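**Student:** From the sequence below, what's the structure:
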Amino acid sequence: MRFDLHTHSTASDGKLSPTELFSRVSELSLDLFALTDHDTLNGYLDLQAQGLLQQAPYFIPGVEFSALAEKLNVHIVALDFDPTNPALQSLLQQQAERRERRAKQIAERLLKLGLPDLYPAALARADSSESVGRPHFAAAMVDLGICKSIQQAFDKWLGNGKRGDVKLLWPSLAEVIDAVHAAGGVCVLAHPLRYQLTLSKVRSLIALFAAVGGDAIEVVGQQAKPEQLNHLVKVALQFGLAASGGSDFHDPKWAWAALGKVDPLPVNMLPVWALFQHTKLSN
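**Tutor:** Residues are numbered from 1 along each chain as shown. As a prediction, the model looks like this:
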C-alpha cells in the first residue's frame, strides 16, 4: 500500500495549489491520499467542483484540525468523513472564525509596533483563504522588504513568544473528535514527536487522546530516531490505536517532507484505513 495521509496546499499554508497537488499525486500512482489543509476543506472542495475527484477514488477528504490537549496546542488529522455533515461544517466554520480573528489581532499588534497594516498582504498571500496564518504574514514581510527571509520574520516578529505571536483558544480534543466522529470520520494524532515533549509526556498525550476517543496516531513520515518511533508504536498498541502516516508535505523544495515519501506502516499495527467507513480499498 502506497499512501500519504498528511499534506497541504495553498488552501492553507502549502506552496502548491490543490490542482497542482492533484497533478503531482496522480503521477505518483498512490493507492490512498488525503489533502489535510489546516482547518479547511476548501482545497478538497475545489478539486471536487472541478470533477477531478471522480477520476481519483483514492483521494479522500481530510482536514488537520488545531485542538487543545489540556493547555497544549496539538493537531488532529481527520480522515474519511462526510464533508457535508452539519457537526463537521459547524466546527470548520468556528475554526475559520478563530483564524480570522487571530490574523486581524496579529496585524493590529504589528501595526502598534510600527509596521504597516500587513493583513491585506497576508490575505493575498493566503490566496484569500480563511486559513490566514503566521506563514502568510511572514511571506508578506519578505514581499514588502521588512524581513530578508521567512525565518527572519519568525525569529524577530512571529515565532512563539515573539511580539507578533497571538495565541488562540482552540477547541478541546474531545470537541474535535466528537465532530469528526459525527461525520463518520477517523481521528489521527498528528506528528506526536513534534510537540517538544519528553517521551513520558508523549505517552501521557497519547493516553489522553485515546481516552477521549482518538482512533490512530502518525507513526511514520516523521523525522525521528528509531527508538522514538519504536516508543510510539509500543504506546499506540498499549492504548489500542491504529497506525497512520504522511509526509506533511508543504513545499516541493522541502526534501525531508517530499510528497508521497512515507514508509510502510508497522506490520504489528492496524492500518488506519481499516477503520474507514466511506472509502473501501481493494487491497
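**Student:** chain center to stretch 200-215: distance?
**Tutor:** Distance, stretch centre to chain centre, for stretch 200-215: 18 Å (C-alpha atoms, centre = their mean, to the nearest Å).
**Student:** Pull out the buried residues from that stretch.
**Tutor:** Within stretch 200-215, the residues that count as buried by 16 or more other C-beta atoms under 10 Å are V202, R203, S204, L205, I206, L208, F209, A210, V212, G214, D215. Any C-beta I mention is one placed from the backbone N, CA and C, and that applies to glycine too.
**Student:** give the contact list for the second one.
**Tutor:** Read that as R203. For R203, the contacting residues are H231, V235, by C-beta atoms under 8 Å, 6 or more residues apart in numbering.
**Student:** do that again at 7 Å, thanks
**Tutor:** Neighbour list for R203: V235 [criterion: C-beta atoms under 7 Å, 6 or more residues apart in numbering].
**Student:** Distance to P120, secondary structure and pLDDT added to the buried residues of stretch 200-215, as TSV?
**Tutor:** Formatted as TSV, those follow (distance: C-beta to C-beta, whole Å; DSSP: H, G, I helix; E, B strand; the rest coil; pLDDT from 0 to 100):
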residue	distance to P120	secondary structure	pLDDT
V202	40	helix	94
R203	45	helix	95
S204	42	helix	96
L205	38	helix	97
I206	41	helix	97
L208	40	helix	97
F209	38	helix	98
A210	43	helix	98
V212	39	coil	97
G214	38	coil	98
D215	40	coil	98
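**Student:** Tell me the one of those nearest G51?
**Tutor:** Nearest to G51 among those is D215, at 30.5 Å by C-beta to C-beta.
**Student:** Is it correct that the closest one is in contact with G184?
**Tutor:** No - using C-beta atoms under 7 Å, D215 makes no contact with G184, being 11.8 Å away.
**Student:** Quick one: the strands in the protein, in order.
**Tutor:** Along the chain, the segments classed as strands by DSSP state E run 3-4, 32-35, 59-69, 72-79, 186-189, 216-220, 242-245.
**Student:** Quick check: which of those is buried the most?
**Tutor:** Of the strands of the chain, the one with the most neighbours on average (mean count of other C-beta atoms under 10 Å) is strand 186-189, at a mean of 30.
**Student:** average pLDDT across stretch 174-186?
**Tutor:** The pLDDT scores in stretch 174-186 average 98.
**Student:** Buried residues in it, which are they?
**Tutor:** Buried-residue list, stretch 174-186, by 16+ other C-beta under 10 Å: A174, E175, V176, I177, D178, A179, V180, H181, A182, A183, G185, V186.
**Student:** That one: how far from the chain's middle?
**Tutor:** Chain-centre distance of stretch 174-186: 16 Å, with C-alpha atoms, centre = their mean.
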